[in-house]
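J.: okay, predicted coordinates and the sequence, questions at the end:
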Amino acid sequence: MTGAGNADDPAPAGAQDYSAPAGAQDYSAPAGAPHQPAPAGAQDYPAPAGAAHAAALAAIHAAAFPDDPWSEAAIATLFGNPTTFGFIAPAGGLVLARAVAGEAEILTIGVAATARRRGIARALLGAALGEARGRGAETVFLEVAADNDAAIRLYRACLFRPAGRRRDYYGPGRDALLFTRPLS
């Protein structure tokens, strides 16, 4: 399983460019959904996602994790469990998580290469933490590849602290770091 390992660095202070870069794809609406224009910059902000967004979420996951993409079916299956929730940033970001029995886990968070360094991962993480808190979680956990410096910087900036290491979690020689943070 791909952990919460692909996050973008926050945009520099004072950044004003909210336009999608050339070649960016809009992943927002599930197939057949009516298109509604969004305000300028809205594609960077998370919106709740569910099983109806599985295809868009899978496309974003593939763009963020080309070596280990999750399928539309796998994502739809996750939403079959009422403890699972997610958010989508139409510019190309997603977070999937679950909350139960006072704990939450970030299952995956990722931003497509064309949408990185705009603060999308931070916004997605914030939305997930708020939803987890609203579902009664007091603590949140996530795994991140030990060599993913950008994601680790983001998690530390968002008050996550190291809680352990899982050897070979992502395959031989690819450890995961376990991070946690209280929500209260």
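T.: Everything's here; your move.
J.: which strands and helices lie in contact with the longest helix along the chain?
T.: Among the elements of type helix in the chain, defined by DSSP state H, the one spanning the most residues is helix 120-134. Packing partners of helix 120-134 (3 or more Cβ pairs under 8 Å, 6 or more residues apart in numbering; DSSP states H and E): strand 84-89, strand 93-100, strand 103-111, strand 139-145, helix 149-157. C-beta here means a position set from N, CA and C on the backbone, and glycine is covered the same way.
J.: residues contacting that helix, please?
T.: Contacts made with helix 120-134 from outside it, assessed by Cβ atoms under 8 Å, 6 or more residues apart in numbering, are listed as 6-10, 44-46, 85-87, 89, 91-95, 97, 99, 104, 106, 109-111, 140, 151, 154-155, 157-158, 183.
J.: re earlier: of the helices and strands packed on helix 120-134, give the one that comes closest to L57.
T.: L57 lies closest, by Cβ to Cβ, to one member of these: strand 93-100, at 5.1 Å.
J.: what strands line up against that closest one, and which way round?
T.: Paired strands of strand 93-100, with direction, are strand 84-89 (antiparallel), strand 103-111 (antiparallel) (DSSP bridges).
J.: pull out the buried positions in that strand.
T.: Buried residues in strand 93-100, defined by neighbour count with 16 or more other Cβ atoms under 10 Å: 93-99.
J.: export those residues as a markdown table, with columns for pLDDT and distance to A52.
T.: Compiled in a markdown table, the buried residues of strand 93-100 are given as follows (pLDDT from 0 to 100; distance: Cβ to Cβ, whole Å):
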| residue | pLDDT | distance to A52 |
| --- | --- | --- |
| G93 | 96 | 18 |
| L94 | 97 | 14 |
| V95 | 98 | 17 |
| L96 | 98 | 14 |
| A97 | 98 | 18 |
| R98 | 98 | 18 |
| A99 | 98 | 20 |
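J.: which of the residues you listed lies closest to A76?
T.: Comparing the buried residues of strand 93-100 against A76 with Cβ to Cβ places L96 closest, at 11.3 Å.
J.: how about the buried residues of strand 93-100 in a markdown table, adding distance to G119?
T.: Listed next are these as a markdown table, based on distance: Cβ to Cβ, whole Å:
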| residue | distance to G119 |
| --- | --- |
| G93 | 10 |
| L94 | 15 |
| V95 | 14 |
| L96 | 19 |
| A97 | 19 |
| R98 | 24 |
| A99 | 24 |
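J.: going by distance to N81, which of these wins?
T.: Using Cβ to Cβ, R98 is the member of the buried residues of strand 93-100 that sits closest to N81, with 6.9 Å.
J.: okay, now the unreliable bits of this structure?
T.: Within the chain, the stretches falling below the threshold (pLDDT under 70) are 1-43.
J.: could you redo the last one with a cut-off of 80?
T.: Filtered on pLDDT under 80, the chain yields the residue ranges 1-44.
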